[in-house]
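Q: any chance you could fold what I've pasted below:
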Amino acid sequence: MRAARGIGPDTAAQLLITAGGNPDRLRTEASFAALCGVAPVAASSGKTNRHRLARGGDRAANAALYRIALVRMCSDGRTREYVVSQTVDGRTKKKGIRLLKRAIVRDVFRCLTTMVTVPEIADLRPAHQAKSITLTAIAHHFGVWPAVISCIERGTRRDNDLANAYRDWLTAALQPLDE
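A: Numbering: from 1, shown residues only. Next comes the predicted model:
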């Protein structure tokens, strides 16, 4: 989920807390939207036809979606174009943000329900230890801090590209490196 634009660690954590550990709870994207409080509710009178956000959802998740919307409005060109097109169509900024939060829920729901294969990292530390290669030498080769390599080996940091390049480099290393 963190790979999606505008989603930081705090907002990702809040949305995961809202989703909870019960996968049966989220059958559809609409149910997740209602859980987050961004499902549209009819608020029409006799002459107008409009919608508002549901008040019954998780307010913290709604606030996280609002933060994601603000970040995307500032940094994502596609989102800026969407907001501009909504204002050209005569919608207010508030209504544009409501529609944007609903679109963000679709992206987040897709992230929550899509299975992602994570490369195995358990082979990295034994391989570098068997070849007597230090973390400093590995980090120097890849141009990163030794702590980054250590975090990848322990699984506390996920960087698939670096882990795969590290694995390829370890298999190609025939001799131990001396510092």
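Q: can I get the longest helix that the chain contains as CSV, trimmed to CA atoms?
A: Scanning the chain for the longest helix, with DSSP state H as the assignment, gives helix 93-113. The C-alpha trace of helix 93-113 is given here as CSV (Å, rounded to 0.1, in the frame of the first residue of the first chain):
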residue,chain,number,x,y,z
LYS,A,93,-13.8,22.1,-4.2
LYS,A,94,-15.5,20.3,-1.3
LYS,A,95,-17.5,18.1,-3.6
GLY,A,96,-14.3,17.5,-5.7
ILE,A,97,-12.5,16.3,-2.6
ARG,A,98,-15.4,14.0,-1.7
LEU,A,99,-15.2,12.4,-5.2
LEU,A,100,-11.4,12.2,-4.9
LYS,A,101,-11.6,10.4,-1.5
ARG,A,102,-14.0,7.9,-3.1
ALA,A,103,-11.5,7.2,-5.9
ILE,A,104,-8.7,6.9,-3.3
VAL,A,105,-10.8,4.2,-1.5
ARG,A,106,-11.0,2.3,-4.7
ASP,A,107,-7.2,2.3,-5.0
VAL,A,108,-6.7,1.4,-1.3
PHE,A,109,-9.3,-1.4,-1.5
ARG,A,110,-7.4,-2.8,-4.5
CYS,A,111,-4.2,-2.7,-2.5
LEU,A,112,-5.8,-4.4,0.5
THR,A,113,-7.3,-7.2,-1.5
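Q: so for the following helix or strand past it, what's the average pLDDT?
A: In the C-terminal direction, the helix or strand that comes right after helix 93-113 (DSSP states H and E) is helix 124-130. The average pLDDT for helix 124-130 rounds to 88.
Q: who are the packing partners of the longest helix of the chain?
A: Based on contacts counted as 3 or more Cβ pairs under 8 Å, 6 or more residues apart in numbering; DSSP states H and E, the elements that helix 93-113 packs against are helix 9-19, helix 29-36, strand 51-53, helix 59-75, helix 77-88. The C-beta positions use only the backbone N, C-alpha and C, and glycine is treated the same way.
Q: between these, which gets the lowest average pLDDT?
A: Among these, strand 51-53 carries the lowest mean pLDDT, a mean of 72.
Q: follow-up on the earlier one: dump the helices and strands packed on helix 93-113 into a markdown table; add distance to I138 and mean neighbour count as well.
A: As requested, the helices and strands packed on helix 93-113 are exported to a markdown table (distance: least, Cβ to Cβ, whole Å; neighbours: other Cβ atoms under 10 Å):
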| stretch | distance to I138 | mean neighbour count |
| --- | --- | --- |
| helix 9-19 | 26 | 17 |
| helix 29-36 | 41 | 20 |
| strand 51-53 | 49 | 16 |
| helix 59-75 | 33 | 18 |
| helix 77-88 | 37 | 13 |
